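**Student:** A predicted structure for the sequence below; I have some questions about it.
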Amino acid sequence: MILRTNPRAALPCAIAVLFVALGLHAQAPAELAIIGDWQVKVTVREPRLIEATINVPQPALIGVNAEKFQSLPVFNPRAGGWVKGAQLRGVQAQETTTPYLLDTNSLVLRAGPGTDTKVFRKGVDYEADLTWGTIGRLTNGSIKAGQPVYASYRHAELRLDAVVLARDGRIVLRAGKPLAAAPSPPVVESGERHLANIWLPGRVAKLAPEHLFAISELSYPEPPKPVPTVAEKLTPKALRKLQSGEPLRILAWGDSVTVGTYVPDYSRNRWQEQFVARLRERFPKAKIELVTEAWGGRNTGSYLGESPGSEHNYREKVLGTKPDLVVSEFVNDAGLNPAQVEQRYSKLLADFQGIGAEWIILTPHYVRPDWMGLNRERDVDDDPRPYVAGLRAFASKHDVALADAAKRYGRLWRQGIPHSTIMLNSINHPDARGMKIFADALMELFP
């Protein structure tokens with residue numbers, strides 16, 4: 001018997017397969033509507049209509065009583081908020097603090113753990129950055145160097161809740177674990193559909209649209225490979241060495257994100273380690289030597305300004321490594337405008353060409369929304385930073401390979417992920433998942 005298929009009937013199935021291949025939902029995303037301060041109406045229309053109202057637990061304020069500090073440093077008003085003084089432990093992120101978690105009216109400093117002990121006066125005995133949750137003594141106050149101090153206060157935490165279509169057909173909310181930094185949503189089990197996440201970034205008075213993250217993509221929609229690929233066109237010497245097994249020296253050059261030792265198991269999880277591991281997997285003959293030259297808290301201008309013999313002198317530690325391929329990551333260059341990118345990066349390009357090195361520029365990850373001029377973490381496909389626009393224009397003008405990690409970070413919200421939740425320091429240090437995004441952007445360039 002001959003079975004004949006109707007091409008029109010097969011088309012929806014083909015489209016569904018294509019959506020899965022691109023990392024997209026074949027089903028329409030859930031619709032979320034706020035109907036009360038802490039209530040959300042969830043509507044699912046595929047494969048059938050399901051509606052439910054979910055109640056979101058309000059964020060709790062955590063009380064801390066008599067947290068002991070063996071001594072307080074002198075308050076430094078000129079430092080970044082997280083290092084102006086001692087950090088209240090309830091709001092600590094990895095090496096910083098998470099801002100806006102402290103209940104600003106709750107902080108009390110005493111000379112002892114009991115409520116009957118002396119209360120120190122803010123502005124007289126000590127000062128505090130109430131946004132970042134740091135405290136320090138004042139030199140003319142009554143807190144002496146080496147004197148124990150006890151802090152009592154209240155603080156909120158970060159939470160990422162999951163809205164799930166359970167196996168029994170019910171729409172349910174699963175509350176995430178509250179943390180001071182980098183919270184993850186609850187695990188969604190096999191056979192369940194992850195519809196959305198609810199983002200509660202600390203002291204939230206009531207739900208607002210910026211807290212609702214409907215999931216419309218399962219992963220970043222990988223574009224089709226151009227012919228020729230970017231690596232074939234713009235880094236042909238490096239690609240040829242990968243394919244032939246000739247030794248290839250790759251220099252990962254950057255700032256603290258490239259230092260990357262803050263990431264657990266960093267020798268495997270830094271972006272450059274993930275990138276090289278995946279190159280070796282894709283090109284079995286490859287003989288890659290990875291060199292990392294990175295300087296936390298600095299940028300390309302810092303390197304160019306270092307004198308000969310210094311630990312991070314540009315000519316000695318960057319050009320002097322004689323790399324075949326330079327991959328640069330500098331979120332700390334984000335203060336540059338397009339004209340400044342053109343000027344400085346043109347010099348770098350001439351230097352790299354002078355030593356016969358090819359270059360891949362990584363666009364930076366998203367950082368704290370307020371540091372990017374944003375008031376939200378959704379609807380942010382387009383990076384607003386002039387630096388990123390400058391990098392894209394420079395790479396296009398000068399035929400330099402660009403690995404556009406920023407474009408991938410911009411779509412995290414479509415996967416239900418507020419980008420700050422993958423920052424271990426709540427500012428700009430991505431975790432292993434965030435490092436993978438850099439590696440993904442780099443691998444996109446290669447055949």
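**Tutor:** That came through fine.

**Student:** Now stretch 107-120: buried residues?
**Tutor:** 107, 109-111, 120 (16 or more other C-beta atoms under 10 Å). All C-beta spots, glycine's among them, are computed from the backbone N, C-alpha and C.

**Student:** Next: stretch 215-228.
**Tutor:** Quick answer for stretch 215-228 (16+ other C-beta under 10 Å): 215-218, 220.

**Student:** Put the alpha carbons of it into CSV.
**Tutor:** Extracted C-alpha coordinates of stretch 215-228, given in CSV (Å, rounded to 0.1, in the frame of the first residue of the first chain):
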residue,chain,number,x,y,z
ILE,A,215,8.8,32.3,28.7
SER,A,216,8.7,32.6,25.0
GLU,A,217,12.0,31.0,24.1
LEU,A,218,13.6,27.9,25.5
SER,A,219,17.1,29.1,24.5
TYR,A,220,18.7,31.7,22.3
PRO,A,221,17.5,31.3,18.7
GLU,A,222,20.8,30.4,17.0
PRO,A,223,21.0,32.1,13.5
PRO,A,224,21.9,30.0,10.5
LYS,A,225,25.6,29.9,9.7
PRO,A,226,26.6,32.4,7.0
VAL,A,227,28.7,31.1,4.0
PRO,A,228,31.5,31.6,4.5
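
**Student:** and it, how far from the chain's centre?
**Tutor:** Distance of stretch 215-228 from its chain centroid, counting by C-alpha atoms, centre = their mean, to the nearest Å, is 20 Å.

**Student:** List the ones among the buried residues of stretch 107-120 that fall in strands.
**Tutor:** In strands, defined here by DSSP state E, the members of these are 109-110.

**Student:** Looking at the buried residues of stretch 215-228, spot the one nearest residue 41.
**Tutor:** The closest of the buried residues of stretch 215-228 to residue 41 turns out to be residue 215 (C-beta to C-beta; 16.7 Å).

**Student:** I'd say that closest one and residue 197 touch.
**Tutor:** Yes - with contact defined as C-beta atoms under 8 Å, residue 215 reaches residue 197; the gap is 7.3 Å.

**Student:** re the thing from before, max pairwise distance over the buried residues of stretch 107-120: which two?
**Tutor:** The distance between the two most remote of these (C-beta to C-beta) is 15.1 Å, for 107 and 111.

**Student:** Now render the buried residues of stretch 215-228 as CSV, adding secondary structure and pLDDT.
**Tutor:** Formatted as CSV, the buried residues of stretch 215-228 follow (DSSP: H, G, I helix; E, B strand; the rest coil; pLDDT from 0 to 100):
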residue, secondary structure, pLDDT
215, coil, 97
216, coil, 96
217, strand, 96
218, coil, 94
220, coil, 97
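
**Student:** now the closest residue to residue 271 other than its chain neighbours, what's its secondary structure?
**Tutor:** Ranked by C-beta to C-beta, 6 or more residues apart in numbering and with sequence neighbours excluded, the top spatial neighbour of residue 271 is residue 438, at 3.6 Å. Following DSSP: H, G, I helix; E, B strand; the rest coil, the label given to residue 438 is helix.

**Student:** Can you tell me how far residue 438 is from residue 316?
**Tutor:** Using C-beta to C-beta, to the nearest Å, residue 438 is found at 26 Å from residue 316.

**Student:** Between the two, tell me which one has more neighbours.
**Tutor:** Legend: neighbour count by other C-beta atoms under 10 Å for residue 438 and residue 316, higher for residue 438 (29 against 15).

**Student:** Test my guess that the more buried one contacts residue 269.
**Tutor:** No - judged on C-beta under 8 Å, residue 438 makes no contact with residue 269 at a distance of 11.1 Å.

**Student:** Now do the shared contacts for residue 215 and residue 197.
**Tutor:** Listed contacts common to residue 215 and residue 197 are residue 416; contacts here mean C-beta atoms under 8 Å, 6 or more residues apart in numbering.

**Student:** where does the stretch 1-150 of the chain dip in pLDDT?
**Tutor:** Applying pLDDT under 70 to the stretch 1-150 of the chain picks out residues 1-26.

**Student:** mind listing the strands for the stretch 51-200 of the chain?
**Tutor:** 62-69, 86-87, 108-110, 126-129, 134-137, 149-155, 158-165, 171-174, 193-201 (DSSP state E, counting those that start in this stretch).

**Student:** ok, residue 279 - contacts?
**Tutor:** Contacts for residue 279 (C-beta under 8 Å, 6+ apart) come out as 242, 286, 288, 443, 446.

**Student:** What's the per-residue pLDDT of the second one here?
**Tutor:** What it means is residue 286. Per-residue pLDDT puts residue 286 at 98.

**Student:** Distance of it relative to residue 155?
**Tutor:** Distance from residue 286 to residue 155, by C-beta to C-beta: 49 Å.

**Student:** before we move on, what about the last one?
**Tutor:** When distance is defined by C-beta to C-beta, residue 446 is 46 Å away from residue 155.

**Student:** These two: which is more packed in?
**Tutor:** Here residue 446 and residue 155 are compared on neighbour count by other C-beta under 10 Å; more neighbours surround residue 155, at 24 against 20.

**Student:** now that one, nearest residue through space, not along the chain?
**Tutor:** Distance criterion C-beta to C-beta, 6+ apart; nearest residue to residue 155, sequence neighbours excluded, is residue 90 at 4.4 Å.

**Student:** Just give me the neighbour total for the one you found.
**Tutor:** Neighbour tally, residue 90, other C-beta under 10 Å: 21.

**Student:** With that, I have no additional questions.
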